[in-house]
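Asks: Predicted model and sequence below, questions to follow.
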Amino acid sequence: MKDTKFSDMTTEELIKNQKTLKTVNTIFCVVLFMLFVLNLFIVFMKGFSAMNIIPIALLPILFLNIKNLKEIKKELESRE
């Protein structure tokens, strides 16, 4: 995402970014959940390896996306 402030964006841009971010976040959550389940399966079958850390390392991206969604929602509410 560009390094622009949400307050500098138009309402239409904010709504478009919100819809896009919701879609991306949903897909990312599903993929991350599948990675966690697959990792549990691999840990029980073959043991722990360095690759098992990948889903944990991807969690901050999810949290940043959720934070951005909240900021967009707050900005849209302040404009109403």
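Replies: Received, thanks.

Asks: The closest residue in space to N52 that isn't next to it in sequence: how many residues sit nearby?
Replies: Among residues not flanking N52 along the chain, N39 sits closest, at 5.0 Å (CB to CB, 6 or more residues apart in numbering). For every residue, glycine as well, the C-beta is placed using N, CA and C. Burial measure for N39: 18 neighbouring residues, criterion other CB atoms under 10 Å.

Asks: Distance-wise, check N39 relative to M51.
Replies: As judged by CB to CB, to the nearest Å, N39 and M51 stand 8 Å apart.

Asks: what does M45 give?
Replies: 13 Å.

Asks: Same question for T10.
Replies: 43 Å.

Asks: Pull out the buried residues from the helix or strand hosting V31.
Replies: Following DSSP states H and E, one finds V31 within helix 11-46. Residues of helix 11-46 classed as buried: 14, 17-18, 21, 25, 32, 36, 39 (neighbour count, 16 or more other CB atoms under 10 Å).

Asks: Closest one of those residues to E80?
Replies: Nearest to E80 among the buried residues of helix 11-46, counting by CB to CB, is L14 at 11.7 Å.

Asks: Let me see the contact set for the closest one.
Replies: With contact taken as CB atoms under 8 Å, 6 or more residues apart in numbering, L14 is in contact with 6, 72, 75-76.

Asks: Can you turn the buried part of those residues into a PyMOL selection?
Replies: Those of these that count as buried under 16+ other CB under 10 Å are selected in PyMOL with:
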select buried, resi 6+72+75
